[in-house]
Structures are given as structure tokens and as C-alpha cells.
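Peer 1: Got a predicted structure plus its sequence, pasted below:
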Amino acid sequence: SDVGSQKERVVTEEEWLQKWEMGNIGFHKEQGHPLLQKYLDVLLNGRSGLRIFFPLCGKAVEMKWLADMGHSVVGVEVSELAVKEFFSEHSLPYCEEPVSEISGAKMFQSTSGNISLYCCSIYDLSSSIVGKFDGVWDRGALVAVNPRDRQRYASLMINLVEKNSSYLLATVSYDPNKHKGPPFYVPESEIKSLFG
Ligand code: SAH
């Protein structure tokens, strides 16, 4: 169907920061996502101690779930408020340090060490900074990326995963003429051309 009306739309980082400041975060789900529960076996594929990446992580509670299962979680989020709310809402002590490779970026790490959240733009990351991942939970991430940046986002994600990784992607299907997004409508044909 016609995604023309969304193609040019741009949501700036500043607008995302404002959403967090205003508490305008209807995308955040306290209960966690039922689809992650449903497809957890696909993500883990019988493996333990995985490195799992949460692009555009917000304060997704699923990061805590997976860390509690013994995996190591890495997220990236442009809003420092979101990152701090994540740790405080789960009563997790953390420390913060600058990221030497990225000017202005900070990394917040749980004291236990298994949750590391980078506060910067995802486009600043590379596998030389964060390593490669065995699994990805992409919810509210590809669909939040500005349509013009999708190719760049997908290429980066492909670079950040190991060969035998699992990538769970949640999208939303709706008539893009009725809502300007985000979340944006990403047709299945486009997902195929982005990720192969
Ligand atoms: N995945 C989360 C949040 C979805 S909303 C969840 O499921 O709840 C999208 C998030 O991406 C917002 O928190 C926004 O602040 C963040 N964001 C937007 N652009 C970003 C970018 N370029 N780099 C990192 N984070 C970004």
C-alpha cells in the first residue's frame, strides 16, 4: 500500500528528548511485550549466556527479564532520562562513564555488570565499540527510525550481529495514510529488502 505520506517525515532527536521530558511515552509498556515471551525460544535457540542488543531501547522492561535469565544486555538510547529511569525503576545500582570513542556519549552499567546502556545516537555505534551480538530484540526501533534512515539502520544492525544470531523484529501493520507515525508502517516487502 501507499507509504508516500510517511516517507519524508522526520522526528528529530530533540523531539524524542522532549517526549521523555514531558512523559509523553505511550510506547512504554510496564508489562513487557507478549511477543517476546512467545518467541523467546526462537531468540535463545537453546543457548545461554548470550549478548543481546536492544536498539533504541527506551526503558524497556524486557532488558531486565533477559538480564535476570543470565544474558548480557546492551542497549542504546538517546535520552539520558530514559536510561536513568530504567535503572531507578528496577532499583538497580549503576555507574556511568564516558565512551572514549564517541564524543559526548556516556555508558551506564549496572553494578552487577550485565546491563550496559549507551546514551548516544545508535548511528554513533559500531561493532568496534560495542562488539557483536547473538540476539536482537527490535521493538519500537526499526518502526521508530525515520523512513529516510532505514537503510543506514539496517546496514548497521547487520554489522552488529554474529553469523548465528537471532533477530526478533516487531512491526505494526496499519493504514499509513491515517497516522503520521511513529511508529511508522514498514511493509513486509521493505523488511525483506532491508534485511534479506
Ligand atoms: N524500544 C523501546 C522504546 C521505543 S520508542 C520500547 O519498546 O519501549 C523509540 C526510542 O528510541 C525512544 O526512547 C527514543 O528516545 C529513542 N531514539 C530515537 N532515535 C534514536 C537514535 N537515533 N538513537 C538512539 N535512540 C533513539
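Peer 2: That came through fine.
Peer 1: make it CA atoms for all contacts and neighbour counts henceforth
Peer 2: Noted.
Peer 1: Now do the strands in the protein.
Peer 2: 51-54, 72-77, 94-98, 106-110, 115-119, 133-139, 161-170 (DSSP state E).
Peer 1: Which of those strands sits closest to residue 21?
Peer 2: With Cα to Cα as the measure, strand 72-77 is the member of the strands of the chain nearest residue 21 (14.1 Å).
Peer 1: Return the distance of the closest one from the chain's centre.
Peer 2: Chain-centre distance of strand 72-77: 8 Å, with Cα atoms, centre = their mean, to the nearest Å.
Peer 1: same thing with stretch 119-130?
Peer 2: Chain-centre distance of stretch 119-130: 12 Å, with Cα atoms, centre = their mean.
Peer 1: what about it, how long is it end to end?
Peer 2: End-to-end distance for stretch 119-130, by Cα to Cα, to the nearest Å: 12 Å.
Peer 1: quick one: it near the ligand?
Peer 2: Yes. Stretch 119-130 lies within reach of the ligand by Cα under 6 Å from any ligand atom, at 120-122.
Peer 1: what does stretch 53-65 give?
Peer 2: Yes. If you take Cα under 6 Å from any ligand atom as the test, stretch 53-65 does meet the ligand, through 56-58, 60.
Peer 1: Isn't residue 99 up against residue 107?
Peer 2: Yes. Using Cα atoms under 8 Å, residue 99 makes contact with residue 107 at a distance of 6.2 Å.
Peer 1: distance of residue 72 from residue 117?
Peer 2: 11 Å.
Peer 1: got it, and residue 195?
Peer 2: Residue 195 is 25 Å from residue 117, by Cα to Cα.
Peer 1: Please apply the same query to residue 57.
Peer 2: 8 Å.
Peer 1: what sits in contact with each of those two?
Peer 2: 75-77 (Cα atoms under 8 Å, 6 or more residues apart in numbering).
Peer 1: Name the member of those residues with the most neighbours.
Peer 2: Tallying neighbours with other Cα atoms under 10 Å puts residue 75 at the head of the shared contacts of residue 57 and residue 117, with 26 neighbours.
Peer 1: who are the neighbours in contact with that residue?
Peer 2: Counting by Cα under 8 Å, 6+ apart, residue 75 touches 53-57, 115-118.
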